[in-house]
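A.B. asks: okay, sequence plus prediction incoming.
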Amino acid sequence: MSENPHDPPPHSPPPANPSPPVTQDYSPLPTAPNSLSNPSTLSPRQSLALDLMLLGRTDTAISQQLNIARKTLYNWRTNNPLFRATFDTRRELLLGDATARLVASIEQALDTLSAQAHHPRPDISHRAARSILALSRIGYHLVPHCKRT
């Protein structure tokens, strides 16, 4: 019988420096605050995902930044009532603030147009009056060359 050079010798002594046994730390991983036992809070990742969503980031960018699967983000958005409710509430607050700022700007613009409509120079008052009428679309349907939009 021929010996294979890759086979170990039949009775080799144990290595002089045996490797220490591999030990595993099986301590439980910390549970996220949004575990099933406590569904009343969002995890830090979910809170950050909400922030990024409200900033207009894409799902791909969010999932890459948080190192989560896009499906996880989708599941949070569609299957987690607290996540959805928090997102909706925060979005409404942001939209409410933006709407209030827009209304204030429109009021200021109308005040400016009103002041210009009463300007002593006819060209300025005429332009302001024309702008007000154009913005209000009063009589728009009576002008034949204008297209309805």
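C.D. replies: Great, that's in hand.

A.B. asks: the helix or strand of the chain with the lowest mean pLDDT: which residues count as buried?
C.D. replies: Across the helices and strands of the chain, the lowest-confidence element by mean pLDDT, DSSP states H and E is helix 122-136, at a mean of 83. Buried residues in helix 122-136, counting neighbours by 16 or more other CB atoms under 10 Å, are found at Ala128. Where you see a C-beta, it was placed from the backbone N, CA and C, and this is true even at glycine.

A.B. asks: by contact count, what packs against that helix?
C.D. replies: The contact analysis (3 or more CB pairs under 8 Å, 6 or more residues apart in numbering; DSSP states H and E) places helix 122-136 against helix 81-117.

A.B. asks: list the buried residues for the helix it packs on?
C.D. replies: Under the neighbour-count criterion of 16+ other CB under 10 Å, helix 81-117 has 83, 86-87, 113, 116-117 buried.

A.B. asks: ok, back up a step: and the least confident helix or strand of the chain, C-alpha only, in CSV?
C.D. replies: The C-alpha trace of helix 122-136 is given here as CSV (Å, rounded to 0.1, in the frame of the first residue of the first chain):
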residue,chain,number,x,y,z
PRO,A,122,-51.3,105.1,-13.6
ASP,A,123,-48.9,102.6,-15.1
ILE,A,124,-48.1,101.1,-11.7
SER,A,125,-51.7,101.0,-10.6
HIS,A,126,-52.8,99.5,-13.9
ARG,A,127,-50.1,96.8,-13.8
ALA,A,128,-51.1,95.9,-10.2
ALA,A,129,-54.8,95.8,-11.1
ARG,A,130,-54.1,93.6,-14.1
SER,A,131,-52.0,91.2,-12.0
ILE,A,132,-54.8,91.0,-9.4
LEU,A,133,-57.4,90.2,-12.1
ALA,A,134,-55.1,87.7,-13.8
LEU,A,135,-54.4,85.9,-10.5
SER,A,136,-58.1,85.8,-9.6
